[in-house]
Every structure is written in C-alpha cells, then in structure tokens.
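Enquirer: Turn this into a structure:
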Amino acid sequence: MRSFRWDIPARFNMGVACSDAQPADAPAIVHERRDGTVDRYTFGDLSTLSNRLANALAGLGVGRGDRVAVVLPQSPWTAVAHLAVYKLGAIAVPLSSLFGPDALEVRLRDSGARLAVVDATAVGRIEECADRLPDLERLLVTAPLQSSIPCTPIEEAIASASSRFAPVDTAAGDPGLLIYTSGTTGAPKGALHAHRVLLGHLPGFELSHEFFPKGDDVFWTPADWAWIGGLMDALCPTLLHGRSIVVADGPQAFDPEWAVAVMARHRVRNAFLPPTALKMLRRNDVAVPMELRLRTVMSGGESLGEEVLDWMRGHLGVTVNEIFGQTECNYVVGNSSALFPVVPGSMGRAYPGHQVDVVGGDGTPLPAGAEGEIAVRSPDPVMFLEYWGNPQATRDKFRGDRLLTGDFGVKDEAGYIRYVGRRDDLINSAGYRIGPTEIESCLMRHPAVGMAAVIGVPDPVRGEVVKACIVLREGHRPSEALAAEIRQFVRSRLAAYQYPRIVEFVPALPLTTTGKVRRLELREAHLAGARA
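Expert: Below is the predicted model:
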C-alpha cells in the first residue's frame, strides 16, 4: 500500500471509459422489470445508445460545459444519459426521482440546467416550478406525454440519430459531474467534479470489494444513482471494470425480502447496501435463500455498529466493509477484510492514494487518540473542484491544503479512524462532548431496538441531554418500562454521561433520499413538541 502511485492520464472521459472502451459483446446491465421479464444490455448496446443520445442532445444545442439534469430512478436510461452527457463534454446533474417540486427547483435553478432527462413521474413536479427556471429549455422523457414544457420522448429523439459519435476530447481535470450534497446540515450545495473523480474512486472500490473484480462478480445496489454513492460507488466503477450491474424495478421503499430475492435470482456477488438497508435486513431477520452467493458487501453513509456487522457475518456469511466519504471527497477511508483486520467500531483506514488525518481547528494533524475533524489532504483525484457558483463556501471547506469534512473522529496509532459524529450532531452535555454514533451502536445491541437515532436536546441544567429516537423490532411495544430498560442498558455499557435521559419510540426515522438520518428534523420536532 505504501508504494501506491496515482496514474491519472492527461486525457480521460468517463463516458468513453464506461462503454466504448469495453468489449462490445460483454454483458453490462441486467434489467429486471416489474412483471418479471429481464432485458439484457451489452457494452456495445450502451455505446450505441449513448452515442445516439449524445447526437440528439447536440442537435438540441447542448454543448461542452452545459448542464444536463438526469431525474431518473435506477434504469438503463439513467446509465445511457450519464454516458451521453460525459461524451459530449457537458456536465451531468443527477437528481433524485423522489425529489418534490421545491427540491427540484433549488437544484435545477442553481445548476442552470438547460435540459433534463426525466421519467413521466417527474414532469408534473418540474412543471410546478418551470416559471422559475429560466435556463431550462426542454425535457427528454422516457415515455410519450403532454407537457407545458417543450418535451420530447427519448425514443423519438434518438430514432434518427447516428450511432456514431466522436466524443469530446476531455482532460481528466475537466468538469463532468455536478452532484448536490444531501443537505443534512444546511442548504444543498453543488459539488463540481472532474472526469478523474471516477479514477479516484477505484482504490476504495476495488479494496472494499476484496480486489474487485474476481471470477464471476456481478454487482447490485438499491442505492439511488442520483447519489454519489450509487453513481460512483456502484454504477460507474462496475462498468469501468467491464462487469455487469443488476437493475431491478422494485418497490419504492426498500423491502428486505425483495432485496435478498433479487440478489439470489441474479447471482449477485457484490453489493453496496446502505446502513439503513442493512439495519432493516437485521430488524426483519430476513431468511437467506440457498441461491444467495454474496462474496462482498460494502456499506457507507452512516455508521453501522458491531451488532449489525455480527448479524451480517452470521446470516449472510460476509464481512461488511464500511467506508467513509462525502459528496465532495468520497471513498477515502474504509475497510478491506482480505487486506487488514476489520476493527469493530472503526470506519477503517485511509485507502491507498488518500491522506486522511484528524486535525485541530487550524488544520494541523492531531496526535493519535485525540478527537478532531476528519480532513483529506489535497490534491486528490477524488476531491471536488469547487462548489458551483459559491466561491466563499469553497474557501471555507479548506484549511490550507486540507479539505475539512465536517465529521469528527479519532485516529489511532495503526491509522484506524473511529467516527464520532457530524460537527452539528455533537452533543454538549455538562461539559462533555458526546457523539451520537457510539450510543446508536450500543442501542442497536438491545434486542428490542430495530433502528435508533440519537440527538441532543436543550436542558436547563446540563445545556443539552441525550435523546434516543427508537424504532422497535417486530413483537415489541412501547412502554415506560422498556424505555427505562433501554436507558439502563446503555448506561451499564457506556459512560454514565452518555446514556439517553430521554427515550422516544417512533414509527420511523426521517431519512434523506440517500438513507441518512435527518437528525436536524428530529431536533426540530422535539423543540416544536416542547413549545406546544
């Protein structure tokens, strides 16, 4: 690992690398429709379709540097749209198909997208805000429909387009992707990435999946491809390695039984399963089909905890490799159980090519064992170029040559980093700085707890106290006796100042579209309840 050196070519284009550069007859996408039928696409198919779409986009006036929004769920068209935009030298703006009109408006207006590739469900939501989107000229839709916005079906747009396209000669450092932060701690910001960002993801991707690709590896994830995790931790690196990825049209909300069945049906060997998905698998105690043959599972976005890791090893027969990153600088820390031991409670170590430290307020690395902010040294090919149209926020993201993640942690002598929590999620109680992650991990070990989120709430004596919001597992009912039992469970296992003085049982936790807990929403709900 110490001998690692980046080998980033001067000229690189993600669209070419993920389609044209692969064997034309190799399988690329397996698409399971809702009716059970399966469509299969080769890399030759992706190359042809993306060439036709690139020609169609060019015919509509889209050129180098223009922003093209992709508002689609997981589908073959999502992959084709991204490849076409990259080949054009334009900039893809992936947006979740679950966004409502307000969320779409903010991102479409900020990015100045000239065109959006959408499915029928998104058209009405965009129409609601269209009069406030002066740059948006046209929609390309996956199915014919009428709209107040100029609208063309994709099939119609590419029908007469040539299957030959000369990709724009992009430098590895040219912008290709504008992806918005999840907005868990403030307004979403557009992180602009260069084509090289895909290459920057490779060390983490390959090692978190135990030297991917091997043998008959096939990939699947339920993660939204509008999220950097779904796009750059799953779709693009899988295609870059010339392997196939499964797309399944399933229920809108994650269904644990369905997910396991999909992986078994399509002989999935490698999966990216977000923490919320893993916790739901455990909560439902999902039965494992004999056909399931997983080789690797990666997870990232929220800390898992030892209980979930143990459950995965015992029930699915794999060690989950947790990883850490963020929209601006992703896949920089993580585990690889084949390469070094997975230490419970740790996110792993910096992957080759990334220098990650825990720093103080001035950006200087702290000694082992000290708590501080997790920071990544620049330059780094996985690091964003800038926040779109926001130079001050870009400057604020750095201390010298280090990108500040806003996440706090502790780094030990061996380089393992233990996650403490987001800057805004830290709880200050009676002089103690308390991170939610360790408490949530402890709560997950209680047999009645299915999911848990910990926040700090105001207290006249201590400043703040710890509150646990808990979703119970099947067969358990809320009661004061159970709340007292849970409080004592944590107090007996962690420090006395860490136990939740307030326990609230909730039917569900508020999540972002990327599956992260919206702790800000939980805090606001608590304050609203206190005022009522």
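Enquirer: Extract the C-alpha trace of stretch 225-234 and format it as CSV.
Expert: Coordinates of each C-alpha in stretch 225-234 appear next as CSV, following Å, rounded to 0.1, in the frame of the first residue of the first chain:
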residue,chain,number,x,y,z
TRP,A,225,-27.8,6.5,-8.8
ALA,A,226,-28.5,10.2,-8.2
TRP,A,227,-26.4,9.9,-5.0
ILE,A,228,-22.6,9.9,-5.4
GLY,A,229,-22.7,6.6,-3.5
GLY,A,230,-24.9,4.9,-6.1
LEU,A,231,-23.3,6.6,-9.1
MET,A,232,-19.6,6.4,-8.2
ASP,A,233,-19.5,3.6,-5.6
ALA,A,234,-21.6,1.2,-7.8
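Enquirer: quick one: average pLDDT of it?
Expert: For stretch 225-234, mean pLDDT is 94.
Enquirer: Pull out the buried positions in it.
Expert: Buried residues in stretch 225-234, counted by 16 or more other CB atoms under 10 Å: 225-234. The way it works is simple: take the backbone N, C-alpha and C, and place the C-beta from them, glycine included.
Enquirer: Show me the shaky parts of the stretch 351-500 of the chain.
Expert: Under the criterion pLDDT under 70, the flagged ranges of the stretch 351-500 of the chain are 430-433.
Enquirer: Other residues contacting stretch 375-385?
Expert: Residues outside stretch 375-385 that contact it (CB atoms under 8 Å, 6 or more residues apart in numbering): 6, 8, 172-173, 175, 191-194, 196-197, 199-201, 325, 327-332, 353-359, 363, 398-399, 401-405.
Enquirer: switch the cut-off to 7 Å
Expert: 6, 8, 175, 191-194, 196-197, 199-201, 328-332, 354-357, 359, 363, 401-405 (CB atoms under 7 Å, 6 or more residues apart in numbering).
Enquirer: same check, this time on stretch 447-457
Expert: 279, 283, 427, 429, 436, 439-440, 443-444, 464-473, 476, 482, 500, 502, 509, 517, 519, 522-523, 526.
Enquirer: again with stretch 247-259
Expert: Contacts of stretch 247-259 with the rest of the structure, by CB under 7 Å, 6+ apart, involve 29-34, 74-76, 222, 262, 277, 280-281, 284, 286.
Enquirer: Same question for stretch 202-212.
Expert: Applying CB under 7 Å, 6+ apart, the contact partners of stretch 202-212 are 233, 237, 241, 270, 295-296, 298, 321, 323, 331-332, 334-339, 351-353.
Enquirer: What's the ChimeraX syntax to select whichever of these are buried?
Expert: Remark: buried members of the contacts of stretch 202-212, expressed as a ChimeraX selection using 16+ other CB under 10 Å:
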select :233,237,241,270,295,296,298,321,323,331,332,334,335,336,337,351,352,353
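Enquirer: And the strands in the stretch 201-350 of the chain, which stretches?
Expert: All strands of the stretch 201-350 of the chain, identified by DSSP state E, counting those that start in this stretch, fall at 219-220, 245-248, 270-272, 296-300, 320-326, 329-334, 349-350.
Enquirer: Could you list the paired strands of the fifth one along with their orientation?
Expert: Strands adjacent to strand 320-326 in the sheet, as given by DSSP bridges, are strand 296-300 (parallel), strand 329-334 (antiparallel).
Enquirer: Compile those strands into TSV and extend it with columns for mean pLDDT and distance to Val123.
Expert: Putting these into TSV (pLDDT from 0 to 100; distance: least, CB to CB, whole Å) gives the following:
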stretch	mean pLDDT	distance to Val123
strand 296-300	93	32
strand 329-334	97	31
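Enquirer: Tabulate those strands (JSON lines), appending distance to His209.
Expert: Output for the strands paired with strand 320-326, formatted as JSON lines (distance: least, CB to CB, whole Å):
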{"stretch": "strand 296-300", "distance to His209": "4"}
{"stretch": "strand 329-334", "distance to His209": "10"}
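Enquirer: Give the bridge partners for the nearest residue to Val262 once chain neighbours are set aside, please.
Expert: In space, and not counting its chain neighbours, Val262 is closest to Ala248: 4.7 Å by CB to CB, 6 or more residues apart in numbering. Taking DSSP bridges, one finds Glu32 as the beta-bridge partners of Ala248.
Enquirer: With Val454 instead?
Expert: Ala468.
Enquirer: Mind listing what's buried along stretch 408-421?
Expert: By 16+ other CB under 10 Å, the buried positions in stretch 408-421 come out as 408-411, 416-421.
Enquirer: oh, I was asking about stretch 135-154
Expert: Within stretch 135-154, the residues that count as buried by 16+ other CB under 10 Å are 136, 138-142, 147, 149, 151-152, 154.
Enquirer: for it, the distance to its chain's centre please.
Expert: Between the mean C-alpha point of stretch 135-154 and the mean C-alpha point of its chain there is a distance of 28 Å (CA atoms, centre = their mean, to the nearest Å).
Enquirer: what does it contact?
Expert: Contact with stretch 135-154 is made by 60, 77, 108, 112-120, 123, 126-127, 130, 157, as judged by CB under 7 Å, 6+ apart.
Enquirer: Can you go through the contacts of stretch 447-457 and name the buried ones?
Expert: Applying 16+ other CB under 10 Å to the contacts of stretch 447-457 flags 279, 283, 427, 429, 436, 439-440, 443-444, 464-473, 482, 500, 509, 517, 519, 522-523, 526 as buried.
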